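Chemist: just a sequence and a predicted model for now, questions to come.
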Amino acid sequence: MGRHSLPDQYGAGGSDPRPRARRRTVAIATVLVLTVAGGTAGAVKGGLLSFGSSCKDDPVRLRLAASPDIAPALTAAAKRARDSGVTSDGRCVAVTVTARDSYKVADELNTGKKTEVQVWVPDSGLWVDRITANTAATELTPAGEVASTPVGVAMVPTAAKSLGWPKKTYSWIDLAGATMQDDSLKLGAADPARSATGLLALTQLTTGAAGLKGGETQAAAMMKTLSQRTSDSDGQVVETLPRDSSGTELGNPKRNQALVLTEQAAYAYNASADGGNGLDMFYPKDGSPRLNYPYAMVDQLSTDESRAALRFMNYLRQTEQLKLLQKYGFRTSDDSAPEAVVAQAGGESPQPYDEPAPQPATDAALQEALGTWTITVQSARITTVVDASGSMAEPVSKSGQSRMDVTKASLLQALATFTPEDEIGLWEFSTKLDGDKDYRVLVPTERLGDQKDGGTVRDRLSAAFTGLEPVPNGATGLYDTTLAAYKEATASYVKGKFNALVILTDGVNQDPGSISRGRLISELQKLTNPERPVPLIIIAVGPDADQQEAEEIAQATGGSGQSVSNPSQIQSVMLKAIVAAGAQGNSQG
């Protein structure tokens, strides 16, 4: 399951095509932090921005957690700083660097618990944004960026040559498609739920697919194929390459001949003794997103620690340390691609390795990519319950489309992201739709690929979604429907799948004969079982729905209440809610 919500302004620090704006932003951020630490003038006078001439016996000790790829470079820089007597306020700056996966540190900081780390350098700003967006998380103070590296697709030479490298260029979709068409060319990647590299590439793929006819279905198929060859981390994915160039290794079905990889990871692999013939690097022509390695101070540091942390950050920006970072395969400028780094990573002209990175993906694009990945990787069992009360006939656009029209279109888009292994069902509700019942089962929750009545369950669902119509003068029978649907969802729980109940409503409960809200919540709590989680996701559509009530009811099951002003937002909001529910389920497990 997806474990993270990952909005990200990772374009800065090498990926932003507007370097002047980026540098000004970083400078402003640094000045603000310096002011907090005791004033810019005092910082300069105290040795924060200049080398000290002496080093006392009691250094300022800093523990720095860094992404494993950049940890060796920062360790070398920390040793240099100590050996050369770099000081802050006359005291030595002693930095101890520990390599830790970014997602693991993010999970730890997200809990808000006390940490022993004073400085954090993850591989992407998306992790920092995730923490700063959570008011209960440990406080972070970003202070700039350390380096950057673009994300591309690295291949063993035989595979690269078969695709016309380096003269032929491909888009992300083209490269993924080429690996799907050739059984001998396996593409591996790190899990997008745990890897910024994997998520950035995945978002490029889904964005590219969105512009194609049937692109959502194609994107889901690519994800399903890719999910079968993912590794937990960027470091582990490199281990899936052939051990040598022998036919046995190249033909081993467990080996990947192509990887979604950063330039720096390809550089390190090619520079190692295990690299053999090395890798060739494709830089997709629709843009290589970049990791940007933000430098963030963690929690409330003392004045001495804050100044020492900033002293080390400024030390890393000096010419000799920039050269050191390049020696480890990183880029240190937005304006050019170091030829030596590119060549060692397997890049060669006319591959567009020196093109500006694409604009950072929007929060919505990242969320949608991760949400689609979530429901693709782990098969889902989701029952969708749609409000069919008379108010769903209300127009929502100048074109005259009703709430129901737009809801149906959004649900059909969401359906395209599910695979044949997923189990999806559909109920509708109003008041007294089936005798005294406020609800009616239109399509039982079953596997989409199963054959039913001359077609598949997917075909039946598509027809049922298309056929949804508001009930004239129908009211909203929300409470009884919610309880009945949740009873069914928990009773039919399937182990090994992501089980959830999604209810869409544009109003509040209008059935005077139904159970009360308090009793509904009490009954839902009784039905909820952490060992068999079925989060309830209620999406309040339009101005008449009550999001606060939706949240209160849904949270009784470990789910969430969402709100959309326009039904066209349902697909992205539903995917976002699924990611959040999956993250909570994993943290509880």
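Modeler: Everything's here; your move.
Chemist: only C-alpha atoms from now on, for both contacts and neighbour counts.
Modeler: Will do.
Chemist: ok, the nearest residue to residue 98 once chain neighbours are set aside - how many residues close by?
Modeler: Spatial nearest neighbour of residue 98, chain neighbours left out: residue 65 (4.9 Å); criterion: CA to CA, 6 or more residues apart in numbering. Counted by other CA atoms under 10 Å, the residues lying close to residue 65 total 23.
Chemist: then the one 10 residues further on?
Modeler: When counting by other CA under 10 Å, one arrives at 18 neighbours for residue 75.
Chemist: verify the stated contact: it with residue 96.
Modeler: Yes. With contact defined as CA atoms under 8 Å, residue 75 counts as touching residue 96 (7.3 Å).
Chemist: residues touching the residue nearest to residue 98, list them.
Modeler: 97-100, 117, 119-122 (CA atoms under 8 Å, 6 or more residues apart in numbering).
Chemist: now swap in residue 123 and tell me
Modeler: 66-67, 70, 102, 196, 291-294.
Chemist: what do you get for residue 235?
Modeler: 68-69 are the contacts of residue 235 under CA under 8 Å, 6+ apart.
Chemist: and residue 111, by the same measure?
Modeler: Per CA under 8 Å, 6+ apart, neighbours of residue 111: 136-138.
Chemist: kindly recompute the last result at 6 Å.
Modeler: By CA atoms under 6 Å, 6 or more residues apart in numbering, residue 111 lies in contact with residue 137.
Chemist: how much space separates it from residue 137?
Modeler: Separation of residue 111 from residue 137 (CA to CA, to the nearest Å): 6 Å.
Chemist: and for residue 306?
Modeler: 19 Å.
Chemist: compare those two (neighbour count), which wins?
Modeler: Using other CA under 10 Å, the more surrounded residue of residue 306 and residue 137 is residue 306, with 25 against 20.
Chemist: next secondary structure element downstream of the helix or strand containing the more buried one?
Modeler: Element membership for residue 306, per DSSP states H and E: helix 303-316. Once helix 303-316 ends, the next helix or strand along the chain (criterion: DSSP H and E) is helix 319-327.
Chemist: mean confidence for that following helix?
Modeler: Averaged across helix 319-327, the pLDDT comes to 97.
Chemist: now that helix: buried residues?
Modeler: Neighbour-count burial for helix 319-327 flags 321-326 (criterion: 16 or more other CA atoms under 10 Å).
Chemist: any idea which of the residues you listed is closest to residue 271?
Modeler: residue 326 (13.1 Å; CA to CA).
Chemist: now do the contacts for the closest one.
Modeler: Contacts of residue 326 by CA under 6 Å, 6+ apart: none found.
Chemist: surely residue 480 forms part of a helix?
Modeler: Yes. Judged by DSSP: H, G, I helix; E, B strand; the rest coil, residue 480 forms part of a helix.
Chemist: show me what contacts it?
Modeler: residue 514.
Chemist: now do residue 230
Modeler: Residue 230 touches 188-191, counting by CA under 6 Å, 6+ apart.
Chemist: any figure for the gap between it and residue 298?
Modeler: 31 Å.
Chemist: same deal with residue 159?
Modeler: When residue 159 is compared with residue 298 (using CA to CA), they lie 44 Å apart.
Chemist: phi first, then psi, for residue 119.
Modeler: Backbone torsions of residue 119, given as degrees, to the nearest 10, read phi -130, psi 140.
Chemist: before we move on, what about residue 186?
Modeler: When read as degrees, to the nearest 10, the backbone of residue 186 gives phi -90, psi 130.
Chemist: now do it: how many residues are near it, please.
Modeler: What residue 186 shows, counting by other CA under 10 Å, is a neighbour count of 25.
Chemist: same check, this time on residue 181
Modeler: Residue 181, neighbours per other CA under 10 Å, totals 10.
Chemist: ok, it - contacts?
Modeler: Contacts of residue 181 by CA under 6 Å, 6+ apart: none found.
Chemist: equivalent analysis for residue 352, please.
Modeler: residue 283.
Chemist: same question, the one 10 residues further on
Modeler: Residues in contact with residue 362 (CA under 6 Å, 6+ apart): none are found.
Chemist: now stretch 427-446: how far from the chain's centre is it?
Modeler: On the basis of CA atoms, centre = their mean, to the nearest Å, the separation between the geometric centre of stretch 427-446 and that of its chain is 36 Å.
Chemist: could I get the buried residue list for it?
Modeler: Buried, per 16+ other CA under 10 Å, within stretch 427-446: 427-433, 438-440, 442-443, 445-446.
Chemist: that stretch: end-to-end distance?
Modeler: First-to-last residue span, stretch 427-446, CA to CA: 13 Å.
Chemist: could you list the residues in contact with it?
Modeler: 385-389, 423-426, 474-477, 481.
Chemist: and the residues you listed, which is closest to residue 243?
Modeler: Closest to residue 243, out of all of the contacts of stretch 427-446 and judged by CA to CA, is residue 423, at 39.6 Å.
Chemist: state the distance from that closest one to residue 572.
Modeler: Counting by CA to CA - residue 423 and residue 572 are separated by 19 Å.
Chemist: for stretch 224-231, measure first residue to last.
Modeler: 14 Å.
Chemist: now find how far off-centre that stretch is within its chain.
Modeler: The answer for stretch 224-231 is 16 Å, by CA atoms, centre = their mean.
Chemist: picking that back up, where neighbours are concerned, which of the contacts of stretch 427-446 has the most?
Modeler: Going by other CA under 10 Å, residue 387 tops the contacts of stretch 427-446 with 31 neighbours.
Chemist: residue 310 versus the closest residue to residue 315 other than its chain neighbours, what's the distance?
Modeler: Sequence neighbours aside, residue 321 is the residue nearest to residue 315 in space, at 7.3 Å (criterion: CA to CA, 6+ apart). Separation of residue 321 from residue 310 (CA to CA): 15 Å.
Chemist: now do residue 106
Modeler: Applying CA to CA to residue 106 and residue 310 gives a distance of 21 Å.
Chemist: what about these two, which has more around it?
Modeler: residue 310 (25 against 21).
Chemist: buried ones in stretch 259-272, by neighbour count?
Modeler: For stretch 259-272, by 16+ other CA under 10 Å, it's 259-271.
Chemist: let me have these in CSV, extended by pLDDT, secondary structure and distance to residue 200.
Modeler: Below are these laid out as CSV (pLDDT from 0 to 100; DSSP: H, G, I helix; E, B strand; the rest coil; distance: CA to CA, whole Å):
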residue, pLDDT, secondary structure, distance to residue 200
259, 96, strand, 14
260, 97, strand, 10
261, 97, strand, 11
262, 98, strand, 11
263, 98, helix, 14
264, 97, helix, 15
265, 97, helix, 15
266, 96, helix, 17
267, 96, helix, 19
268, 95, helix, 20
269, 94, helix, 21
270, 95, helix, 23
271, 93, helix, 25
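Chemist: identify the farthest-apart pair in those.
Modeler: So, these by CA to CA: farthest apart are 260 and 271, at 18.1 Å.
Chemist: residues making contact with stretch 332-351?
Modeler: 14, 19, 147, 167, 263, 266-267, 279-281, 283, 329, 354.
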